[in-house]
Structures are given as C-alpha cells and as structure tokens.
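S.K.: Next input, structure requested:
(chains A and B)
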Number of protein chains: 2
Amino acid sequence: MTSNFKAVGFLGFDVFGTVVDWRTSVARVAEPFLKRHGLEIDPLAFADRWRSLYQPSMEPIRAGRRPFVTLDVLNRESLDTVLSELHADISRIPAKQRDELNRAWEQLSPWPDAVEGLARLKRRFAIGPLSNGHIAGMMNLARHAGLPWDMIGGAELSQTYKPQAQTYLRTIAAAGLPPERTALVAAHNEDLRAARAVGMRTVFIRRPYEHGPGQMKDIHAEEAWDVVADSLIEAAQALGC
Amino acid sequence: MTSNFKAVGFLGFDVFGTVVDWRTSVARVAEPFLKRHGLEIDPLAFADRWRSLYQPSMEPIRAGRRPFVTLDVLNRESLDTVLSELHADISRIPAKQRDELNRAWEQLSPWPDAVEGLARLKRRFAIGPLSNGHIAGMMNLARHAGLPWDMIGGAELSQTYKPQAQTYLRTIAAAGLPPERTALVAAHNEDLRAARAVGMRTVFIRRPYEHGPGQMKDIHAEEAWDVVADSLIEAAQALGC
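M.R.: Numbers count the residues shown, from 1 in each chain, chains lettered A, B, ... in the order given. I've put the predicted structure just below:
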C-alpha cells in the first residue's frame, strides 16, 4: 500500500462526477419534463447548461457576499435561470414540477465501479462525502444509489463551499483526525490541490467522460497525487483493500 | 402502520441507552485499566459514576455559559473527575492511557435487537443518530457496532446539547424534512418530550436495564408516545417494516 496512507483513517469523497455520473442521470430525469413543456433541447445539453451554473452559483457564498444556502437552493435558482434562457414560460410550469425536477440531483446513478469500490474502501477506512452537496441531498442520493457512507461531511457542515479551505477542515475535524490522517478522493485537480493545501492525502480518479465525449478538463492528473486510478475499485486495490 | 407515520421519512435516534448498552460495555473496556492501576471499584459501578457526570457536564453548554465542545472532551474531563474521586494519582496514569479509556464510548455493544431493528427500519426510513455524541464518535461507534446509519445528526450540528430544541431542529433541517415528517426514537421520556415539543413523532423503546437491575427511571412510557416497543425489532414491526 502507498506508504503515506498507513495512518489514514478517513477518506472524504467528492461526489458529483467522482462517485456518480450526474450528466446522463440529470438528462434521464429531465427528458420527460422537457418533452411535457415542449422545450426543444437535447437532454444532455440541458444537463450541461444546468451544471454550467453550478460553480458560478456558489461564488457569492465563497466570497462572503451572500449568506450560506444549501446546494438544493442554488440548483433550484439555476434551474429557473436555464429555463428562462430556453425561453420557457416559467409562469406556466408549476413550481412543484420544477421542485421535483430539482430532485434529479438526488437520483444520480453511480459510476459502474462506485458501489463495489466504496464497499472495499470502507473495510479499511471510514468514508464520507466531502462534497458541496447538502446533507439531505447526500443522504437521499446515497439511499438511491446504494452508497455506504459512514458519515456525511461537506459544505453544509462548514457553511461555505469547496474549494474554500474551511470546507475541508470542518469535515476533517468532524472525522476526528488530523489532516494528514485523511485523504480526499476526487476527479478534479483543483479540488485535490485545495485538499493538499490543508494537509490531506490525495487520490485522483480519472473520469474522462464526466462531461461527455468532448471533455477537455481533468482528463489527467496535473500534479503528483498520492494515488491515481481509473476507478474506485482500482483505488481500493492501490490502497490494499 | 401507525397512521401518523405515513409521511415520515426520517428517524433520528438517541444512541446511548437506546441503541447501545453503554453500561456493561464501558465496564468491560475499563476493567483492565482499573486493575492495572489498582483502583478497587466494581467496573459497573465505575461506568455508573462516569455516566453520572454526563448530564451535568453538558449543562454549562446548554445554558450558554460555556462555548460548545464535543462530547469526547466532556467525557475526558469527567473521567479525570471520577479518577480523582477514586483517589487515583492521576499524575501517574499517562494521559495517553486515559485518552484510550475515553474511547470506550466508541466501543459500545449494540443491544441484541439493534442491528436487525435498524436494518429493517432503514428499508423504509432514512435513519441517523440524533444524539449528544459527536460525529466522529458516532461514526466510530457505528463502524464498531455495525449500525447502518444514513447520516449523522445530533449535538455537533447544532453546537448545543439535547434537550435544547435547537439540537432536534438542526438535525431535522439537515434531513431536509419538516418536523412532522420526522420521529425521534429514544428510551428516555424527557428526550421524547423535547422532540414532541418541536413537532416530531415519537417512538419509545423500553430499556429497563440500561442502568442495571436497579433502574428506577424510564421504565415506562410516561406519555402517550406514538409508538411504544420493547425493542427496535418490535418498533420496526409496529411501523410496518
């Protein structure tokens, strides 16, 4: 096993993209909604546009210009923005239907390796989301997708969003370990850079199709992360699980 | 199924006494420590004395006279108090050994019905501790005892201790549901009274031996709780799981 993981007791996980495939899942859930309301857009393109507002929506909170609200609130706002961009007449789409579509983020499918990989990692390490998702969302997603978390960390604990250092530090504290006895598992180089900056170990999972076949970002490890793997099962093997 | 549970989606659990048998477990873990240091006290009496400081230790935090610290910190302080009362020469017991003994609270055995009962309840409800224990302690205890929680709520989220209303309300919010769609499962009438006061449903589990054969308190349901059961398996049956 990678020698600097000997004392590690907790693995925090990025979830959207690393553990679950948000893009095809959101498209699948959105398709009947788009049809019903006559919105002529490819469901995958719709998922991409919705997701494109994800990072910008958190920015005012990271910068302290807006009090913390959970990710479901931001996603719901972004949904209305996307629908407006598509020239949908929002006043004719009941809020209840938009609320229901917003739950797509709790109905995402795990990548094919995720459930087995987590089960194996869980034998040796405590595991939990270190995600920008909120606790209820992560809990409902775990029940939907069969993710066997030991606890739920992340943005709601810290009341701010990754990659703010506080988000990693608050989850590390909740896990009851010093940073060097924890690791972040993520498919995003920026996330891992922020985790390493606070002293965590790092596991990069290559997810070259998170954003579909044309993905340009996060195809490769951009730094010498402690572990680099093509799946959570491969990561478990590399960590001796 | 009890009709006012039809819309319930989350069960919060008191843990110490309701799910796990702290008394015989702490005694078991403490016994070699007490022997090694020549402390002549029955391990069960030692567990009782340590636990007797549990409620008083939280009181300054509930009252706002002390900033929040997690339960492991309070338990560790209480341990030194008990050792002093037993006229132990604390200066001769390495802090590391006392720290280790403090971990007894993460090595508690589940009541015989608990693991099966939780597994059955989990089929229908999301489940999680709504305990005064801290997140790491609850996580480590769950891994030790095989408790299949979906999330970890409780005191650390609210930064104060039950029965302060805020502790219940913060976990309810984290579960993403209104109070009437949640329930507290507990072996303590006072806990259930506080939960009902904020609008939760209530499940009383009789644990007449939590404090040993001479237990006087919480032998019976003192109010008309929604469900009253002798075990978590019986509670699961009553709730149609």
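
S.K.: can you list the weak-confidence ranges in chain A?
M.R.: A:1 (pLDDT under 70).

S.K.: how about the helices in chain A?
M.R.: A:22-36, A:43-52, A:54-62, A:71-85, A:95-102, A:114-124, A:135-145, A:155-158, A:165-175, A:189-197, A:232-238 (DSSP state H).

S.K.: can you list those helices in TSV and add distance to chain B and mean neighbour count?
M.R.: To be clear about C-beta, it is placed using only N, CA and C from the backbone, and glycine gets the same treatment. As requested, these are exported to TSV (distance: least, CB to the nearest CB, whole Å; neighbours: other CB atoms under 10 Å in any protein chain shown):
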stretch	distance to chain B	mean neighbour count
helix A:22-36	18	18
helix A:43-52	20	18
helix A:54-62	17	16
helix A:71-85	8	17
helix A:95-102	12	14
helix A:114-124	8	19
helix A:135-145	3	24
helix A:155-158	7	24
helix A:165-175	4	22
helix A:189-197	19	20
helix A:232-238	17	20
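
S.K.: Find the nearest non-adjacent residue to the residue of chain A most remote from its centre, please.
M.R.: Most distant from the centre of chain A: A:Arg92, at 31.4 Å, with distances by CA atoms, centre = their mean. Spatial nearest neighbour of A:Arg92, excluding adjacent residues (CB to CB, 6 or more residues apart in numbering or on different chains): A:His37 at 7.8 Å.

S.K.: Could you report the neighbour count for the one you found?
M.R.: Other residues within reach of A:His37, judged by other CB atoms under 10 Å in any protein chain shown, total 15.

S.K.: didn't it look like it was pressed against A:Ile93?
M.R.: Yes: assessed by CB atoms under 8 Å, A:His37 is found in contact with A:Ile93 at 5.8 Å.

S.K.: follow-up on the earlier one: who wins for proximity to B:Leu79 among the helices of chain A?
M.R.: helix A:165-175 (21.6 Å; CB to CB).

S.K.: list the helices and strands the closest one packs on?
M.R.: In terms of contact count using 3 or more CB pairs under 8 Å, 6 or more residues apart in numbering or on different chains; DSSP states H and E, helix A:165-175 is assigned the packing partners strand A:10-13, strand A:126-129, helix A:155-158, strand A:182-186, helix A:189-197, helix B:135-145.

S.K.: JSON lines for the ones you listed, including distance to A:Ala30?
M.R.: What follows is the helices and strands packed on helix A:165-175, written out as JSON lines (distance: least, CB to CB, whole Å):
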{"stretch": "strand A:10-13", "distance to A:Ala30": "25"}
{"stretch": "strand A:126-129", "distance to A:Ala30": "23"}
{"stretch": "helix A:155-158", "distance to A:Ala30": "24"}
{"stretch": "strand A:182-186", "distance to A:Ala30": "25"}
{"stretch": "helix A:189-197", "distance to A:Ala30": "26"}
{"stretch": "helix B:135-145", "distance to A:Ala30": "34"}
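
S.K.: on that earlier part again, can you say which of the helices of chain A is nearest to B:Pro56?
M.R.: helix A:165-175 (25.5 Å).

S.K.: rewinding a little: common neighbours of A:His37 and A:Ile93, please.
M.R.: Among the neighbours of A:His37, none is also in contact with A:Ile93 (CB atoms under 8 Å, 6 or more residues apart in numbering or on different chains).

S.K.: quick one on the thing from earlier: ok, now which ones touch the residue nearest to A:Arg92?
M.R.: So A:His37 contacts A:Ala88, A:Arg92, A:Ile93 (CB under 8 Å, 6+ apart).

S.K.: and which of those residues is nearest to B:Phe204?
M.R.: For these, the nearest to B:Phe204 is A:Ile93 (44.6 Å; CB to CB).

S.K.: so what's the closest one up against?
M.R.: Contacts of A:Ile93 by CB under 8 Å, 6+ apart are A:His37, A:Leu83.
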